[in-house]
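In: Following is a predicted model, sequence given first.
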Number of protein chains: 2
Amino acid sequence: MTAATDNAARVHVPLGERAYDILIGPGLIARAGREIAARIKGRKAAIVTDENVAAHYLRPLSESLAASGIEASAVILPPGEKTKSFEPLMEACDKVLAARIERNDAVVALGGGVIGDLAGFVAGIVRRGVRFVQIPTSLLAQVDSSVGGKTGINSRHGKNLIGVFNQPDLVLADSDVLATLSPREFRAGYAEVVKYGLIDKPEFFEWLEGSWNDVFSGGEARIRAIATSCQAKADVVVADERENGPRALLNLGHTFGHALEAATEYDSKRLVHGEAVAIGMVLAHEFSARMNLASPDIARRVEAHLRAVGLPVSMADIPGRLPPPDRLMDAIAQDKKVKDGKLTFILTRGLGQSFIADDVPASEVVAFLKGKHPG
Amino acid sequence: MTAATDNAARVHVPLGERAYDILIGPGLIARAGREIAARIKGRKAAIVTDENVAAHYLRPLSESLAASGIEASAVILPPGEKTKSFEPLMEACDKVLAARIERNDAVVALGGGVIGDLAGFVAGIVRRGVRFVQIPTSLLAQVDSSVGGKTGINSRHGKNLIGVFNQPDLVLADSDVLATLSPREFRAGYAEVVKYGLIDKPEFFEWLEGSWNDVFSGGEARIRAIATSCQAKADVVVADERENGPRALLNLGHTFGHALEAATEYDSKRLVHGEAVAIGMVLAHEFSARMNLASPDIARRVEAHLRAVGLPVSMADIPGRLPPPDRLMDAIAQDKKVKDGKLTFILTRGLGQSFIADDVPASEVVAFLKGKHPG
């Protein structure tokens, strides 16, 4: 990453003709018009957002676009995961076309992961592709879903099963907007920040252990944490844009985590994605220790840090009853496909030494889950 | 193009990692299983088709796939342009997912242009892209819509406004299936064959003038006509995959043609796409003569050939009343965008010497239409 003007950090994602910049810093919504006008030929934009985010940021964003000569219209959708489905997709496409957005104009995603995934899909299919700008407004979206080009909606057969790979033309991660997040939402996003350290950046994890208080209170440390995370994800995406290989490392903590999200029926009162990933990362490190791949001390250290920031770290931390270990294993098997009794997991050989293990015996996973299960 | 095995011609479309083959010849549905199994890793296929085509070809195709170890399921949609809309798209995505099609499995489009456009879109968005095979069953689809990678559905704002660029992994143009087309359908597809001659292959046009009877009766001449057309379209697409430049040449006859389709409210009893293109090509040549770009003799020669095969060649050939010239001009302007009173048209300087004219005065087009209008 490099320092950009106006206190922003810049991460360049070098994907050939799909290369783009991620700017991270304060006040980026206020200067969105200038940044977009500098990169996109068209002078129209359709802002896709949700009702909650619109209440805070739609007006300042529209004014910033207008000040740079970009005529903005808005598509305001209900908040929540249900918006990632066919009817809102159809509605958004219709409104973007009604706004006469052409190939050189932009769809601007203003919101969290749900809005980013939906709007990115819309931008990828209206007129077979128009320009696309992401303005992620949650920490999770800033460090995860706004980088990588995965867009889409859910199906009754599973999450994110319908979509396109669509790299944005620009990502503006305005660090000011994180002030309106609840502490729980911020923590959930922070779990993904920690993940990048645990994948292959032990020095970043160590820095977070010492500086997490500064990251939580905002300012330079927060920008550094976000920029390092975006750079880490960008590095993986550049190596494997279409997800055929090393990109799987980004799933550290996610196999256990997805099973726990399914087990709690995606009830955000009990567990949100980042919390599931936090527990999943601890489990992945504990399982690595069980398989004699890494010292149990590493798992304890990861657990201690996540607990310190207030994240759940074990199944016992999830309110309410969980299904039995066999049912959790079924959820894992559905997510990953078992082949000859073997599973693919992201495991670790030490702090920040994660790797793709494609021969994990399902029987070992079940035995491990039985030992960890609280009920 | 090159000769392939079993009497088929092969056109290779060299689009880098998206390169693919078009096979043209008899009996290709019967050997579809073998050709697909040789090119695609997965052993599942979802055949997207319509009720009419399914009645003839679904069973032989499924049997051919089964014989090569490919497990096939079918998504059977109603025939007609209305199938290119959101609800059938959603239904097809759902059924393809229910059939557990994974990234290395295939969606197979078995049908005309509507099915190809819809199925290609489905293949492009299910799991962010699975393998895609086209088996076009109309002459129009074999020479036009199955080459080029444009997929999509219509919107109330216009045709083909929502979709993706998605190149197939294989196209099988079975010349036997054309035997079940009505003469009118065959002629409509033939208009697009003629178009390739008129764009930049005068020798192909001359061959068609002498051999069209053989093309209409089937056999070698028909395969040659289809293969030459596919090669011509492939050449243009390779030069301009995303349609930023020379690909516009493929619109020869289409600007006038689209206006006539809109003027007849897409009523296929009055006018089908290929017929509109036939009239549009004659008008484009006549307009080129009016603008002193080409001899009027060329327009007369084009008209004579299209009339000889039984295609309509003037607005007077369209049954029923047409809207006045001003309304036709509105339809053209909607299709093309007028800039400072100027339009982009595909015009010609002689036989097979088409070019993109981006400064055509709208006033000249209106005056021309007034002279040509029958009522």
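Out: All right, it came through fine.
In: Packing partners of the longest helix seen in chain A?
Out: In chain A, assigned by DSSP state H, the helix with the most residues is helix A:220-239. With contacts defined as 3 or more CB pairs under 8 Å, 6 or more residues apart in numbering or on different chains; DSSP states H and E, helix A:220-239 has these neighbours: strand A:9-13, strand A:20-25, strand A:170-174, helix A:183-200, helix A:202-217. For glycine as for every other residue, the C-beta is placed from the backbone atoms N, C-alpha and C.
In: and the direction of that helix versus that of strand A:9-13, what angle?
Out: Taking axes from the mean of the first three to the mean of the last three CA atoms, to 10 degrees, one finds that helix A:220-239 is oriented at 10 degrees with respect to strand A:9-13.
In: before we move on, back to that, could you point out which of the helices and strands packed on helix A:220-239 sits nearest residue A:329?
Out: Checking the helices and strands packed on helix A:220-239 against residue A:329 by CB to CB gives helix A:183-200 as the closest, at 23.0 Å.
In: Okay, angle between the closest one and helix A:220-239 too, please.
Out: 50 degrees.
In: does chain B sit close to whichever strand or helix holds residue A:123?
Out: Using DSSP states H and E, residue A:123 sits in helix A:113-125. Yes: if you take CB under 8 Å from any CB of the partner chain as the test, helix A:113-125 does meet chain B, through A:121, A:124-125.
In: Likewise for stretch A:331-348?
Out: No: applying CB under 8 Å from any CB, one finds stretch A:331-348 separated from chain B by no less than 8.9 Å.
In: how distant is that stretch from the center of its chain?
Out: Taking CA atoms, centre = their mean, to the nearest Å, the mean C-alpha location of stretch A:331-348 is offset from the chain mean by 22 Å.
In: same check, this time on stretch A:94-113
Out: Per CA atoms, centre = their mean, the displacement of stretch A:94-113 from the mean C-alpha position of its chain is 21 Å.
In: First-to-last residue distance for that stretch?
Out: 21 Å (CA to CA, to the nearest Å).
In: Could you give the average pLDDT over that stretch?
Out: The pLDDT scores in stretch A:94-113 average 96.
In: Could I get the buried residue list for that stretch?
Out: Applying a neighbour-count criterion of 16 or more other CB atoms under 10 Å in any protein chain shown, one finds A:94-97, A:99, A:101, A:105-113 buried in stretch A:94-113.
In: where does the stretch 101-250 of chain A come near chain B, residue by residue?
Out: A:121, A:124-129, A:150, A:152, A:155-158, A:161-165.
In: Cross those against strands and list the overlap.
Out: Judged by DSSP state E, the subset of these located in strands is A:155, A:158, A:161-162.
In: hmm, which two among the residues you listed are most spread apart?
Out: Longest span within those, CB to CB: A:158 and A:162, 9.7 Å.
In: does residue A:255 sit in a helix or strand, and which one?
Out: Element membership for residue A:255 (DSSP H and E) is helix A:254-263.
In: where does chain A have low pLDDT?
Out: Applying pLDDT under 70 to chain A flags residues A:1-6, A:335-337.
In: ok, back up a step: so which of the buried residues of stretch A:94-113 is the closest to chain B?
Out: residue A:97 (4.2 Å; CB to the nearest CB).
In: Assess the claim that the closest one and residue B:160 are in contact.
Out: No: Residue A:97 lies out of contact with residue B:160 (CB atoms under 8 Å); the separation is 11.6 Å.
In: coming back round to it: from the residues of the stretch 101-250 of chain A next to chain B, list just the buried residues.
Out: So, by 16+ other CB under 10 Å, the buried ones in those are A:121, A:124-129, A:150, A:152, A:155, A:161-165.
In: Helix or strand for residue A:76, just tell me which one.
Out: If you go by DSSP H and E, residue A:76 is part of strand A:71-77.
In: again, but for residue A:345
Out: strand A:342-348.
In: Show residues contacting that strand.
Out: For strand A:342-348, the surrounding residues in contact (CB atoms under 8 Å, 6 or more residues apart in numbering or on different chains) are A:198, A:248-249, A:251-255, A:284-285, A:287-288, A:291, A:293-294, A:298, A:332-333, A:336, A:354-362, A:365.
In: can you do 6 Å?
Out: Contact with strand A:342-348 is made by A:249, A:251-252, A:255, A:285, A:288, A:293-294, A:336, A:354, A:357-360, A:362, as judged by CB atoms under 6 Å, 6 or more residues apart in numbering or on different chains.
In: residues of the following helix or strand past it that come out buried?
Out: Per DSSP H and E, strand A:342-348 leads on to strand A:354-361 as the next helix or strand towards the C-terminus. Buried positions in strand A:354-361, judged by neighbour count with 16+ other CB under 10 Å: A:354-355, A:357, A:360.
In: Tell me which other helices or strands strand A:354-361 touches.
Out: strand A:342-348 (3 or more CB pairs under 6 Å, 6 or more residues apart in numbering or on different chains; DSSP states H and E).
In: contacting residues for the residue of the stretch 101-250 of chain A at minimum distance from chain B?
Out: Among all residues of the stretch 101-250 of chain A, residue A:157 sits closest to chain B, at 4.2 Å; criterion: CB to the nearest CB. The contact partners of residue A:157, by CB under 6 Å, 6+ apart, come to residue B:97.
In: what about it, distance to residue A:334?
Out: Residue A:157 sits 10 Å away from residue A:334, going by CB to CB, to the nearest Å.
In: So which residue is dead centre in chain A?
Out: Taking CA atoms, centre = their mean, the centroid of chain A lies closest to residue A:144, which sits 2.7 Å from it.
In: Looks like that one contacts residue A:193 (just checking).
Out: No: if you go by CB atoms under 6 Å, residue A:144 and residue A:193 don't touch, sitting 9.0 Å apart.
In: just how off-centre is stretch A:19-29 within its chain?
Out: Worked out by CA atoms, centre = their mean, stretch A:19-29 lies 16 Å from the chain centre.
In: now do stretch A:183-191
Out: With CA atoms, centre = their mean as the basis, stretch A:183-191 stands 12 Å off its chain's centre.
In: Pull the residues that contact that stretch.
Out: Outside stretch A:183-191, the residues that touch it by CB under 6 Å, 6+ apart are A:138-140, A:272, A:274-275, A:277-278, A:309-311.
In: one step back: residues of the strand holding residue A:76 that come out buried?
Out: Buried-residue list, strand A:71-77, by 16+ other CB under 10 Å: A:72, A:74-77.
In: just to revisit the earlier point, just the buried ones from the contacts of stretch A:183-191?
Out: Buried members of the contacts of stretch A:183-191, counted by 16+ other CB under 10 Å: A:138-140, A:272, A:274-275, A:277-278, A:309, A:311.
In: Pull the number of nearby residues for the nearest residue to residue A:143 once chain neighbours are set aside.
Out: Counting by CB to CB, 6 or more residues apart in numbering or on different chains, residue A:143 lies nearest to residue A:229, which is 3.8 Å off, once chain neighbours are set aside. The number of residues packed near residue A:229 is 28, by other CB atoms under 10 Å in any protein chain shown.
In: correct me, but residue A:229 touches residue A:193?
Out: Yes: judged on CB under 6 Å, residue A:229 makes contact with residue A:193 at a distance of 5.0 Å.
In: Next, show the common contact partners of those two.
Out: residue A:143.
In: check contacts around the residue nearest to residue A:143.
Out: Contacts of residue A:229 (CB under 6 Å, 6+ apart): A:143, A:193, A:196.
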